[in-house]
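In: Need a 3D model of the sequence below.
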Amino acid sequence: MNTPSSPDAPVVLFLGDAAAAEPEFGQLSLACRFYGLRLTVLPLPNEGTPLRLLPVGSRAGHVLAVLHDHDLSEASPAALASLHSALADQRIPLAVVGIGPGADGARLAALFGPVTVGVTDTSPGPQLWFAAKAPSDVGFELRGLGFPVGVEPTACFASPADAAFHILATVGPTEATSRPTMVRAENNGTARYLLARLAPAGEGRNQHGKFGRTRLDEALPLFVLLREAGGERCWRPAAALANLTIDDPWLTEPYGCLSYPGLLAEMQRERFHATIGFVPWNYDRYAPAVVELLRAHREHFSLAVHGNNHDRYEFYRYEARPCDNHRPKPLAEQAFNVRQALARMEAFERSAGLAFDRVMVFPHGICPAATLRELKRRGYWATYNYHNVPLGETPPADPVLSLRTVNADWYGFPAVRRAYPEKYPEEMIAIDLFLGNPVMFMGHQDTFFGGIDAFNPHARIVNARQPAAQWKSLGEISRRLHLLRWLDGRHCDVRLLSRHALVENPRRDAVEFHFAKYEPAPESVARITLDGVELPWSSRAGELHFTATLPAGASRLAEIHYVPVADEAPVPLRRTGLRRRVLRLIADFRDLGLANSVVGRSVTRKYYGGGKKRLTVGGLVSRLAAVVRGKRADRSPPSQQS
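Out: Below you'll find the model as predicted:
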């Protein structure tokens, strides 16, 4: 999902020679595109020529002016005076980036007041630390974590004791011994920033300049800078969101190591929400007491659609390829399963009286691209999976897209990335929260092999790193996937990612919201409504556009309604196919039988840890035998162990 800047976007000025300002200019450009800011390059004025800032044509105005240390060192005193005057007149913040250990302190002082440039400790293992202390501070989610940077001398800053320097980031082997490398000062009521040049941590973290969610490191200060200066004029999420989805269980107590009352007690204690990835095959298999428990606690429990029959990789590629581990599933078969899954879930909803969210969690992995179009046509809201790029498609090369966990590039349908708790380290959780990505966990009943409280430490990390995090159902998250960018007190841009958005006006005055959504097939749109009231809309260049005004303090649900699919014969609900029945029996035995023994749990761990390779009856026997052999080996003298 790209969030391009527009002519109305807030402006970041880069003053000087962009080509001579790498790598900082590239990092700044990436951060600007991520936050929806328009980066404009202006040359520094010549001797005797005043700096004239062009009107930006945007309600949001200038966010920040950025000057590289290279240009600062070559600028004349007159040019610096002109720069200082022009920025002061319009109260535009200034940042000097790329400052090295040999920077000219006198030139910096001309813009910032007294400042001393030193050198940080260059011992092995330097790390970048963020100094945010309060939840309202930019970078609060990143506090206490060290991000690797290169082993090179790095500039650090000091000022007189009476100077109003606020430390934003430091570099050093430990946080206690680190020294300031990113600071903010106030100059006549306008912010001024100093950012030291940070070397990349090396190939162990990835190639220099190849940024992504797992590798931001030396670029992070530029992201913090834009958030600091831009505030709500940067794209940001409607809320910090989180969810745990447990795949496969049908509603019986207990389901393997998953106890619904036990999990409820933990969710109430630690504050989190669990979605059950319900297999539609089980639409008429449920215990009324479990249904009643879930219905009574919708703030903690919800249901999503988990495949249809769950006969292994049910939404695999359409045609077979050499070395495939799974059977091909033609598009027509997948389209039928999409329909039947919805019909079965609707039957379950009528029978059990328990609502479900129209979101798809695919068994074993995400589907090919054309199946996403089928989900969209059939009224699904989103899909949540281990990957957010359709099977067989090339991940987008644009690093801005890789920084977000939501991808709506295929048919304008949102695919959201999720991860197993054990593969979601605290550093990655912190970065996702900082970037505004929903924190999506996935698991099975084996998540609770260590006890029903096994997920609690992960929930604590999220809640501690972002106390305002909202744990929601997948459906509620789909209504909050949009991004907001405030242009001024009465105008706000909304970047839609799903077919609906719950939009709130926190202001004391009415606000005009300008909505945009990538929609490659505008002819499929029937109407757009706000709380059921139809709105005028337009389409241009593959995007939908509409506007709505919300009164002070109001919240409204904006919805895009698509042309319904032509009437077709009702889909049968009955379960068919011997292979499917056998596979579901094996799955039930795995989760309801094997979970009751140590040996059985070891078999289940090998199944999930091995990438869910075909679990046939023969394979199950082989894995049981392997586990038993392992137990015997554990009891053998050391000399007999392999």
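
In: ok, which stretches of the stretch 51-200 of the chain are helices?
Out: 69-74, 77-89, 105-112 (DSSP state H, counting those that start in this stretch).

In: Nearest spatial neighbour of residue 383, chain-adjacent residues omitted?
Out: Closest residue to residue 383 apart from its sequence neighbours, by Cβ to Cβ, 6 or more residues apart in numbering: residue 360 at 4.5 Å. All C-beta spots, glycine's among them, are computed from the backbone N, C-alpha and C.

In: confidence score at that neighbour?
Out: Looking at residue 360, its pLDDT is 98.

In: Return the distance of stretch 524-542 from the chain's centre.
Out: Centroid separation between stretch 524-542 and its chain, computed with Cα atoms, centre = their mean, to the nearest Å, is 27 Å.

In: Can you give me the end-to-end span of it?
Out: One end of stretch 524-542 to the other measures 12 Å (Cα to Cα, to the nearest Å).

In: Show me which residues of that stretch are buried.
Out: Neighbour-count burial for stretch 524-542, counted by 16 or more other Cβ atoms under 10 Å, picks out 525, 528, 529, 530, 537.

In: secondary structure element for residue 495?
Out: Element membership of residue 495 [criterion: DSSP states H and E] is strand 491-496.

In: right, and the helix or strand after that strand?
Out: Helices and strands here follow DSSP H and E; after strand 491-496, the next one along the chain is strand 500-504.

In: List the neighbouring strands of that following strand plus their orientation.
Out: If you go by DSSP bridges, strand 500-504 pairs up with strand 555-562 (antiparallel).

In: Pull out the buried positions in the strand it pairs with.
Out: By 16+ other Cβ under 10 Å, the buried positions in strand 555-562 come out as 556, 558, 559, 560, 562.

In: Also stretch 381-400?
Out: Residues of stretch 381-400 classed as buried: 381, 382, 383, 384, 385, 386, 388, 389, 390, 391, 399, 400 (neighbour count, 16+ other Cβ under 10 Å).

In: Widest-spaced pair of the buried residues of stretch 524-542?
Out: Across the buried residues of stretch 524-542, no pair lies farther apart than 525 and 530, at 14.7 Å, counting by Cβ to Cβ.

In: Which among the helices of the stretch 51-200 of the chain is found nearest to residue 511?
Out: Of the helices of the stretch 51-200 of the chain, nearest to residue 511 by Cβ to Cβ is helix 77-89, at 29.2 Å.

In: Output the below-cut-off pLDDT ranges for the chain.
Out: 1-7, 47-51, 54-58, 161-163, 202-215, 607-642 (pLDDT under 70).

In: how about the strands of the stretch 101-250 of the chain, start to end?
Out: Per DSSP state E, counting those that start in this stretch, the stretch 101-250 of the chain carries strands over the ranges 116-119, 127-130, 147-148, 155-158, 165-172, 179-187, 190-196, 236-237, 241-247.

In: try the stretch 401-550 of the chain
Out: 406-407, 415-417, 439-443, 470-471, 483-488, 491-496, 500-504, 511-518, 525-530, 533-535, 538-540, 543-550.

In: For the helices of the stretch 51-200 of the chain, give me JSON lines that also has mean neighbour count and distance to residue 130.
Out: Putting those into JSON lines (neighbours: other Cβ atoms under 10 Å; distance: least, Cβ to Cβ, whole Å) gives the following:
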{"stretch": "helix 69-74", "mean neighbour count": "20", "distance to residue 130": "22"}
{"stretch": "helix 77-89", "mean neighbour count": "17", "distance to residue 130": "26"}
{"stretch": "helix 105-112", "mean neighbour count": "17", "distance to residue 130": "21"}
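
In: Include distance to residue 395 when you put those helices into JSON lines, please.
Out: Listed next are those as JSON lines, based on distance: least, Cβ to Cβ, whole Å:
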{"stretch": "helix 69-74", "distance to residue 395": "34"}
{"stretch": "helix 77-89", "distance to residue 395": "40"}
{"stretch": "helix 105-112", "distance to residue 395": "41"}
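
In: Spit out the contact partners of residue 452.
Out: Going by Cβ atoms under 8 Å, 6 or more residues apart in numbering, residue 452 touches 257, 258, 259, 262, 263, 265, 266.

In: Next, count neighbours for the fifth one.
Out: Using other Cβ atoms under 10 Å as the criterion, residue 263 is surrounded by 23 other residues.

In: Could you tell me whether it really is in a helix?
Out: Yes. With DSSP: H, G, I helix; E, B strand; the rest coil as the criterion, residue 263 is located in a helix.

In: mind listing what it touches?
Out: Contacts of residue 263 by Cβ under 8 Å, 6+ apart are 274, 448, 452.

In: What is the nearest of those residues to residue 137?
Out: residue 274 (30.8 Å).

In: That closest one is in contact with residue 300, isn't it?
Out: Yes. With contact defined as Cβ atoms under 8 Å, residue 274 counts as touching residue 300 (6.7 Å).

In: Name the residues contacting each of those two.
Out: Common contacts of residue 274 and residue 300 (Cβ under 8 Å, 6+ apart): residue 267.
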